[in-house]
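Trainee: Build the 3D model from these lines:
(one chain, ligands or ions: 2)
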Amino acid sequence: MATVSLEKLVKRYGSLEVVHGIDLEVADREFIALVGPSGCGKSTTLRMIAGLEPVSGGNLKIGGRVVNDLPPRARNLAMVFQSYALYPHMTVRENMGFSLKIAGQKPEDIAPQVEEAARTLDLTHLLDRRPSQLSGGQRQRVAMGRAIVRQPDVFLFDEPLSNLDAKLRTQMRVEIKKLHAKVQSTVIYVTHDQVEAMTLADRIVIMRDGYIEQVGTPEDVFQRPKSKFVAGFIGSPP
Ligand code: ADP
Ligand code: MG
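Mentor: Ligands and ions are numbered 1, 2, ... in the order given. Below you'll find the predicted structure:
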């Protein structure tokens, strides 16, 4: 059960507190969008969940277990960033299998997992190419493929589509939705694009200045924004 719980979660950089004790319960297999203006603490929150930043206070639980002190690889999650960070000298196949290889799996066990992920993401015909021979959207799909071969319980996305043009973004939204339906993992998806959040998520979490301002379904936050800030951000009618 890949629930994710944030309990009074705090982040400080030196004397500067940027996340002020936030609480959030993400259900197993839920798709949560974390939104808010630049600098409100979205990436910091995601990086704490991923284990890339230590927490300064409170508890972080995955599947009910406190993971504050666990390294990223022990959390069974995968993170997809806006920069694809593919290895340029490796083929798509090698990029997608790399994490399994360093985990010590045998080539004959890795191949079918990579091929399955490639089928899910429509990458089969691209497996022998290198990243430089791919379009932006294809690279982003490889980055997702690399994440899903690890069969994570939890997927973390940090603005994965913000480097893509509008048309591709719309297309990739559909891909991400399909991916979630297929792999059945819990998703926490950071974006500053409210349309992306509204179309993808089961629930939306609106952050402001290191606090959570409102949590609700897309309909909830649109129809019943708690504040002018939320209404303005979501684009609710006045
Ligand atoms: P968002 O992803 O919502 O744009 P961030 O989580 O990146 O926001 O940043 C939240 C706040 O924390 C910002 O004020 C940012 O300047 C600050 N911050 C982020 N990373 C660091 C860091 N490594 N050192 C100091 N301050 C940081
Ligand atoms: Mg960010």
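
Trainee: rest of the way, CA atoms for contacts and neighbours
Mentor: Fine.

Trainee: Helix or strand: which one has residue 78?
Mentor: strand 77-80 (DSSP states H and E).

Trainee: That strand: partners in the sheet, and parallel or antiparallel?
Mentor: strand 154-158 (parallel) (DSSP bridges).

Trainee: close to ligand 1, is the strand it pairs with?
Mentor: No - if you take Cα under 6 Å from any ligand atom as the test, strand 154-158 misses ligand 1, and the best it gets is 8.1 Å.

Trainee: Go through that strand and flag the buried ones.
Mentor: Going by neighbour count (16 or more other Cα atoms under 10 Å), the buried part of strand 154-158 is 154, 155, 156, 157, 158.

Trainee: Which member of those is positioned nearest ligand 1?
Mentor: Nearest to ligand 1 among the buried residues of strand 154-158 is residue 158, at 8.1 Å by Cα to the nearest ligand atom.

Trainee: Next up, the contacts around residue 32.
Mentor: 26, 187, 188, 189, 201, 202, 203, 204, 205 (Cα atoms under 8 Å, 6 or more residues apart in numbering).

Trainee: Repeat that for residue 190.
Mentor: 33, 34, 35, 42, 43, 46, 156, 157, 158, 159.

Trainee: distance of residue 85 from ligand 1?
Mentor: To ligand 1, residue 85 is 18 Å away according to Cα to the nearest ligand atom, to the nearest Å.

Trainee: I'd guess that residue is in a strand, am I close?
Mentor: No - going by DSSP: H, G, I helix; E, B strand; the rest coil, the assignment for residue 85 is coil, not a strand.

Trainee: Report how many residues lie close to the closest residue to it other than its chain neighbours.
Mentor: Leaving aside its sequence neighbours, residue 85 sits nearest to residue 143 (Cα to Cα, 6 or more residues apart in numbering; 7.6 Å). Neighbours of residue 143 under the rule other Cα atoms under 10 Å: 23.
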